[in-house]
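Trainee: My questions concern the predicted model and sequence given below.
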Amino acid sequence: MYWAPEVHKYRDHWFMFATFTAPNGYRGTVLRADDPAGLFTPWSEGATTPRKWQCLDGTLFVDHHEQPWIVLCHEWTQIRDGAVYAQRLSDDPSRPTGQPVFIFNASDAAWSRPMQGAPFDDYKFPVHVTDGPFLFRLQSRRKARCPPMAATA
């Protein structure tokens, strides 16, 4: 199974961040090409997401030190309250370095509601989903604070 590919230019190559399910059930990898149309080939040896995590929807973010990061969702299927994390990558971005950095849980948003009809409802724990993270760089480089949004019916 594979889905959610994103293609980003980084340095002199094109990198595809895509969700691939490995035989062990954990996900995430990076492919590389010299042209945005491909041919993309595996660039990482296995997941660039944290080991033994069910992750999806990784996207590339390059910080102001030109250091690449993968921003990803830690799946609700494993932790029930989906979370967004950032994981620093090696300069070539073929492997993770350091520890993942927690950004937020799905339930932190004022408008978040538990998923209805979620599997495992017999455990009576709410399920909150994260999906498709994206970072926006402010021109001022000041920290952003998202205002609470009203829940919609």
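Mentor: Perfect, thanks for sending it.
Trainee: Identify the residues contacting the residue nearest the centre of the chain.
Mentor: Residue closest to the average C-alpha location in the chain (Cα atoms, centre = their mean): residue 72, at 1.2 Å. Going by Cβ atoms under 8 Å, 6 or more residues apart in numbering, residue 72 touches 28, 49, 55-59, 84-87, 133. No exception for glycine: its C-beta is placed from N, CA and C like everyone else's.
Trainee: ok, now with 6 Å
Mentor: Residue 72 sits next to 49, 55, 58, 85 when contact means Cβ atoms under 6 Å, 6 or more residues apart in numbering.
Trainee: Give me the distance between the helix or strand that the third one is a member of and the centre of its chain.
Mentor: For residue 58, the host element (DSSP states H and E) is strand 55-62. The gap between the average C-alpha position of strand 55-62 and the chain average comes to 4 Å, counting by Cα atoms, centre = their mean, to the nearest Å.
Trainee: what's the model's confidence in it, averaged?
Mentor: For strand 55-62, mean pLDDT is 91.
Trainee: Adjacent strands (with direction) for it?
Mentor: Partners of strand 55-62 in the sheet, by DSSP bridges, are strand 68-74 (antiparallel).
Trainee: So in the chain, where's the weakest helix or strand by average pLDDT?
Mentor: Within the chain, no helix or strand scores below strand 27-33, which has a mean of 83 by mean pLDDT, DSSP states H and E.
Trainee: Okay, now the sheet partners of that strand, with direction.
Mentor: Strand pairing for strand 27-33, determined by DSSP bridges: strand 13-21 (antiparallel), strand 41-42 (antiparallel).
Trainee: how many neighbours does residue 11 have?
Mentor: 12 (other Cβ atoms under 10 Å).
Trainee: Could you pull up the contacting residues of it?
Mentor: Counting by Cβ under 6 Å, 6+ apart, residue 11 makes contact with nothing.
Trainee: and stretch 101-111, C-alpha only, in PDB?
Mentor: Output of stretch 101-111 as PDB, limited to C-alpha atoms (Å, rounded to 0.1, in the frame of the first residue of the first chain):
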ATOM      1  CA  VAL A 101       9.700  16.700  18.100                       C
ATOM      2  CA  PHE A 102       6.100  16.800  19.200                       C
ATOM      3  CA  ILE A 103       4.000  19.600  17.600                       C
ATOM      4  CA  PHE A 104       0.400  18.900  18.600                       C
ATOM      5  CA  ASN A 105      -2.300  16.300  19.100                       C
ATOM      6  CA  ALA A 106      -5.500  16.300  17.000                       C
ATOM      7  CA  SER A 107      -7.600  16.800  20.100                       C
ATOM      8  CA  ASP A 108      -5.700  20.000  20.900                       C
ATOM      9  CA  ALA A 109      -7.800  21.900  18.300                       C
ATOM     10  CA  ALA A 110     -11.000  23.500  19.700                       C
ATOM     11  CA  TRP A 111     -12.900  22.300  16.700                       C
END
